[in-house]
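K.L.:
Need the 3D shape of this:
(2 chains)
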Amino acid sequence: MPIDLVRIDDRLIHGQVLVGWGTRLGIDSYIVVDDSLAGSAWEQELYASALPPGVAAEFVTVEEAVRRFEELDARRGRGALLTRGTGEMRRLAEAGCLEGRRINVGGIHGGPDRRRVLDYVHLSPREWDDLRVIAGRAGAVSARDLPTAAEVALTELYR
Amino acid sequence: MMSEPVRGIVVAHGDLARALVDGAERISGVRGALIPVSNQGLGADELRTLLASHLEGGPAVLFVDLGGGSCGLAGLGAARRAAHVGVLTGVNLPVLLDFVFHRDMPLDALVARLEAKGRSELRGHGCAAPPPAT
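P.N.:
Sure, this is the predicted structure:
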């Protein structure tokens, strides 16, 4: 399965993703699903500048990701799909793209209406609801910032 | 010469920025020239906004620990919207020490100087030979 990592992280492409996960999983292609970034050439250039040699990134809207999901998932190599927040991931889940997949919550930091759940996960009531919907449509949802860290199941986050 | 000294902002992961600034101040005796910023607990937009607020108000150099990390991406994003800001990634202590003593240089020349300084200070000294057998 070419898309090996499906992650929610408000920093999108950054050190933990590239070094912590990317190196370990041998990721050579990042698919960033974000309506805002998909329309911002300079921000795409900024994120692409962080990529190691031989690693590519593609920036698509949620709508485009849904439309092209089979193609994106059938590519050679190993891929990672990233969204900035739960809302984009929920839309992918509701479109049926994430069935049977493990969804990694890697970083949602402080913000309006959010409550701390873990050091790297803060959730608003709406985001809780998004995660419940995602869990119902995907294989599993869990939090883990790095592959060497303990995985925390969504049911643990509810407590 | 510039009328106002260039300000330095150091952004890094965890406690690194504070430690670098503390080290530079202890060695140089120059205090207040560098502002440490951590990415700890901040999302990308929050960090970019915080850095943008530090970059307002005169010439500044933004020192970043890891160009491809969240600090680098937020820093480059913030600097894009600011005037008179230079960005250097891969910051090290020799660069900060050089900076605090040359803050009156024109910004362009200062950034070029610091980049050369940073590159020159990473040196290999070979591997120690094993002690001779006795």
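
K.L.:
Which parts of chain A are helices?
P.N.:
A:15, A:24-25, A:35-38, A:41-48, A:62-73, A:86-94, A:125-137, A:154-158 (DSSP state H).

K.L.:
which one of these lies closest to chain B?
P.N.:
helix A:15 (3.5 Å; CB to the nearest CB). In short, each C-beta sits where N, CA and C put it, glycine included.

K.L.:
What average pLDDT does the closest one get?
P.N.:
Mean pLDDT, helix A:15: 90.

K.L.:
now stretch A:140-154
P.N.:
Mean predicted confidence for stretch A:140-154 is 93.

K.L.:
gap between the two ends of it?
P.N.:
Terminal residues of stretch A:140-154 lie 8 Å apart, using CA to CA, to the nearest Å.

K.L.:
still on that earlier bit, as JSON lines, the helices of chain A with mean neighbour count would be great.
P.N.:
JSON lines is the format used below for the helices of chain A (neighbours: other CB atoms under 10 Å in any protein chain shown):
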{"stretch": "helix A:15", "mean neighbour count": "21"}
{"stretch": "helix A:24-25", "mean neighbour count": "13"}
{"stretch": "helix A:35-38", "mean neighbour count": "16"}
{"stretch": "helix A:41-48", "mean neighbour count": "15"}
{"stretch": "helix A:62-73", "mean neighbour count": "15"}
{"stretch": "helix A:86-94", "mean neighbour count": "21"}
{"stretch": "helix A:125-137", "mean neighbour count": "18"}
{"stretch": "helix A:154-158", "mean neighbour count": "14"}
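
K.L.:
Just confirm residue A:145 contacts residue A:120, I think it does.
P.N.:
Yes - contact criterion CB atoms under 8 Å: residue A:145 and residue A:120 qualify, at 4.8 Å.

K.L.:
what does chain B have sitting close to chain A?
P.N.:
B:13, B:41-46, B:66-70, B:72-73, B:76-77, B:80 (CB under 8 Å from any CB of the partner chain).

K.L.:
How about the residues of chain A by chain B?
P.N.:
A:10-15, A:18, A:42-43, A:46-47, A:49-52, A:84, A:107-111, A:119.

K.L.:
where does chain A dip in pLDDT?
P.N.:
By pLDDT under 70, the weakly predicted segments of chain A are A:1, A:159.

K.L.:
Please repeat the previous calculation with a cut-off of 80.
P.N.:
Within chain A, the stretches with pLDDT under 80 are A:1, A:157-159.

K.L.:
do the same with chain B
P.N.:
In chain B (pLDDT under 80), the answer is B:1-3, B:134.

K.L.:
doesn't residue B:76 make contact with residue B:52?
P.N.:
No - Residue B:52 lies out of contact with residue B:76 (CB under 8 Å); the separation is 11.5 Å.

K.L.:
Enumerate every residue touching residue 61.
P.N.:
All of this is about chain A. A:33, A:34, A:35, A:38, A:39 (CB atoms under 8 Å, 6 or more residues apart in numbering or on different chains).

K.L.:
The intended chain is chain B.
P.N.:
B:6-9, B:85-88, B:99, B:107, B:110-111, B:114.

K.L.:
Restrict those to the buried ones and give me that as a PyMOL selection.
P.N.:
To isolate the buried members of these in PyMOL, using 16 or more other CB atoms under 10 Å in any protein chain shown:
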select buried, chain B and resi 6+7+8+9+85+86+87+88+99+107+110+111+114
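
K.L.:
In CSV: the contacts of residue B:61, plus secondary structure and distance to residue B:62.
P.N.:
Shown next, in CSV, are those (DSSP: H, G, I helix; E, B strand; the rest coil; distance: CB to CB, whole Å):
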residue, secondary structure, distance to residue B:62
B:6, coil, 11
B:7, strand, 9
B:8, strand, 8
B:9, strand, 5
B:85, strand, 6
B:86, strand, 7
B:87, strand, 5
B:88, strand, 7
B:99, helix, 11
B:107, helix, 11
B:110, helix, 12
B:111, helix, 10
B:114, helix, 11
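
K.L.:
Would you mind checking which of the contacts of residue B:61 is nearest to chain A?
P.N.:
Closest to chain A, out of all of the contacts of residue B:61 and judged by CB to the nearest CB, is residue B:87, at 11.4 Å.

K.L.:
Which residues does that closest one form beta bridges with?
P.N.:
residue B:62 (DSSP bridges).

K.L.:
Ok, residue A:30 next?
P.N.:
Here residue A:30, judged by DSSP bridges, has bridge partners residue A:57, residue A:80.

K.L.:
Next: residue A:104.
P.N.:
With DSSP bridges as the rule, residue A:104 is bridged to residue A:7, residue A:142.

K.L.:
Good, wrapping up.
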